[in-house]
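In: Here is a sequence with its predicted model. Questions after.
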Amino acid sequence: MAGHRAVTVSKFLAKHLRHRPDAIGLTLDAAGWASVDELLAASERAGFAISRDELDAAVHAPGKRRYVFDESGKRIRAAQGHSVAVDLGYEPAVPPAVLYHGTHPGALAAILAQGLAPMGRRHVHLSADVATARQVGARRGRPVVLAVDAAGLHAAGHPFHVAANGVWLTDAVPADRLSRVD
């Protein structure tokens, strides 16, 4: 799939598998799954036809692996990042001692004062390494990377989960558990 089309397909999937399935008449089950056939039909009805090959390419694209098929290949969902109410079924997990969050300079002052919040999503997203956090932060300009005291939060009873694509999820991160990585 050509680069621009691949990005456009991925953004379409993100919008409708994470945030607005209803906008194209798609229904997600309680765990966020949608029928592949229904997704392809709904995308065509919405004027943005996606082929099964394009859908396969989006699911198996290198990098973040935002989407996953179930074992049968007949259902699809976003691995994380939902604003709609779904229960992805990820078991609680013990995080590494330090996790990382990538952001941009314009958000830094508020984050350092108030901590990290889901901002309309169901969870705060964290990375296991600085390079991934830097890449995430670079989407909106010059990246800023913050270290999260995940071990301390976990020891204090703060729950963590790890998505199918390796993104760490938590409800929030208080400001006193953050430090800037230079």
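Out: Right, received. Where do you want to start?
In: any idea how far the longest helix along the chain is from the chain center?
Out: Longest helix in the chain by number of residues, with DSSP state H as the criterion: helix 3-14. Here helix 3-14 is found 15 Å from its chain centre; the criterion is C-alpha atoms, centre = their mean, to the nearest Å.
In: What of stretch 63-77?
Out: The chain centroid and the centroid of stretch 63-77 are separated by 13 Å under C-alpha atoms, centre = their mean.
In: Same check on stretch 15-30?
Out: When C-alpha coordinates are averaged (C-alpha atoms, centre = their mean), stretch 15-30 and its chain have centres 15 Å apart.
In: same question, stretch 96-107
Out: Centre-to-centre, stretch 96-107 and its host chain are 14 Å apart (C-alpha atoms, centre = their mean).
In: So that it lines up with my notes, have the first residue be 57 from now on.
Out: In the new count, where the first residue is 57, that last one comes out as stretch 152-163.
In: got the buried residues for it?
Out: In terms of neighbour count (16 or more other C-beta atoms under 10 Å), stretch 152-163 has its buried residues at Pro152, Val154, Leu155, Tyr156, His157, Gly158, Thr159. Just so you know, the C-beta spots here come from the backbone N, C-alpha and C atoms, and that holds for glycine as well.
In: Note down every partner strand of whatever helix or strand comes next after the longest helix of the chain and its orientation.
Out: Once the chain leaves helix 59-70, the next helix or strand it forms, by DSSP states H and E, is strand 90-91. Paired neighbours of strand 90-91 in the sheet (DSSP bridges): strand 131-134 (antiparallel).
In: Past the strand it pairs with, which element shows up next along the chain?
Out: strand 154-159.
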